[in-house]
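Visitor: what follows is a protein structure lacking sequence information:
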């Protein structure tokens, strides 16, 4: 089975693969999670809005090449689902894996859709959380 | 018909009502657009994450009371829909209506769901756009 034909049985599986690819800095694994037949959108915490497979792939490739690695602790805050789509809203605790071990708290909305090839990621919208959220201690899922 | 029983025939109608309420600073009109029977989420550009009707109402009330008014120009960038939900990803050009007329560019993901009372807003995730997007001139829809 080639990487581009990975079939995910649930949105939760897609999300796990997304964050694992992000932690590993693996652009091929990252791109297997995205929907292929719809307009995909990725908003990164610095405010870049990327639309379409090519732009999103290039952004992750650039990010992963530049390094450093990230470690991610995920707290899933809300879930809404119907037969065709699943929406998660998460709080991500992101740690930069280097000497500084800096952390950032990110709010992320992930929209998953059911495709002929199983569940895929349609939209990832990530943005920095305010200081109030930083003081919370979310339940770690990942 | 009371304000809380407004029935929206489409996600586009809900979105128009959302941005009109925001421009008018009308908290009652704002709260008619949100879903009532699901966990609603509102992420504001400063990074606050609000969950649930009471917290979202209080945040808008506080924002509208404090002023100033906003003028919003909306550019809808992508739309995905199925019988139960609609997802819009928009670029908002926000102008503060005062002597300074300051502007900000915001990326917003809006998730709408079909409820027994018509279409409603389930999630609004807004975050500041980076400088590259600021140089674009989006098509104005609102």
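Guide: In hand now; what should we look at? Only a predicted model underlies this, so the values are computations on that prediction, with no experimental measurement involved.

Visitor: could I get the phi/psi values of the most centrally placed residue in chain A?
Guide: The residue lying closest to the centre of chain A (C-alpha atoms, centre = their mean) is residue A:18, at 4.9 Å. Per-residue torsions, residue A:18: phi -60, psi -50 (degrees, to the nearest 10).

Visitor: name the nearest residue to it, sequence neighbours excluded.
Guide: Leaving out its chain neighbours, the residue that sits closest to residue A:18 by C-beta to C-beta, 6 or more residues apart in numbering or on different chains is residue A:33, at 4.7 Å. The C-beta positions use only the backbone N, C-alpha and C, and glycine is treated the same way.

Visitor: what's the one you found in contact with, if anything?
Guide: Contact analysis of residue A:33 by C-beta atoms under 8 Å, 6 or more residues apart in numbering or on different chains lists A:6, A:8, A:14, A:17-18, A:21, A:120-121.

Visitor: so, low pLDDT: which residues of chain A?
Guide: A:1-4, A:132-142 (pLDDT under 70).

Visitor: contact residues of it facing chain B?
Guide: A:38-39, A:41, A:43, A:45-49, A:51, A:77-78, A:80, A:82-85, A:87, A:89, A:91, A:107, A:109, A:111, A:113, A:122-123, A:125, A:127-133 (C-beta under 8 Å from any C-beta of the partner chain).

Visitor: mind putting the contacts of residue A:33 in TSV, distance to residue A:55 included?
Guide: Formatted as TSV, those follow (distance: C-beta to C-beta, whole Å):
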residue	distance to residue A:55
A:6	21
A:8	22
A:14	20
A:17	20
A:18	17
A:21	17
A:120	17
A:121	15
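
Visitor: need the buried ones from the residues you listed selected in ChimeraX.
Guide: Burial among the contacts of residue A:33 is assessed by 16 or more other C-beta atoms under 10 Å in any protein chain shown; the matching ChimeraX selection reads:
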select /A:6,8,14,17,18,21,120,121
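
Visitor: greatest separation within the contacts of residue A:33: which pair is it?
Guide: Across the contacts of residue A:33, no pair lies farther apart than A:21 and A:120, at 13.3 Å, counting by C-beta to C-beta.

Visitor: these two touch, right, residue A:78 and residue B:35?
Guide: No - proximity of residue A:78 to residue B:35 does not meet the contact threshold set by C-beta atoms under 8 Å, at 11.8 Å.

Visitor: neighbour-wise, which of those two wins?
Guide: Between residue A:78 and residue B:35, residue B:35 has the larger neighbour count (other C-beta atoms under 10 Å in any protein chain shown), namely 21 against 18.

Visitor: can you report phi and psi for the nearest residue to that one once chain neighbours are set aside?
Guide: Distance criterion C-beta to C-beta, 6+ apart; nearest residue to residue B:35, sequence neighbours excluded, is residue B:120 at 3.9 Å. Residue B:120 has phi and psi values of phi -140, psi 160 when expressed as degrees, to the nearest 10.

Visitor: one step back: wait, doesn't the residue nearest to the centre of chain A sit right on residue A:123?
Guide: No - applying C-beta under 8 Å as the test, residue A:18 and residue A:123 come out as separate, 11.7 Å apart.

Visitor: touching both of the two, which residues are there?
Guide: Counting by C-beta under 8 Å, 6+ apart, the residues touching both residue A:18 and residue A:123 are residue A:110.

Visitor: please name the bridge partners of residue A:118.
Guide: Beta-bridge partners for residue A:118, by DSSP bridges, are residue A:8, residue A:115.

Visitor: that one and chain B, how far apart?
Guide: Remark: distance between residue A:118 and chain B (C-beta to the nearest C-beta, to the nearest Å) = 16 Å.

Visitor: residue A:29 in helix, strand or coil?
Guide: helix (DSSP: H, G, I helix; E, B strand; the rest coil).
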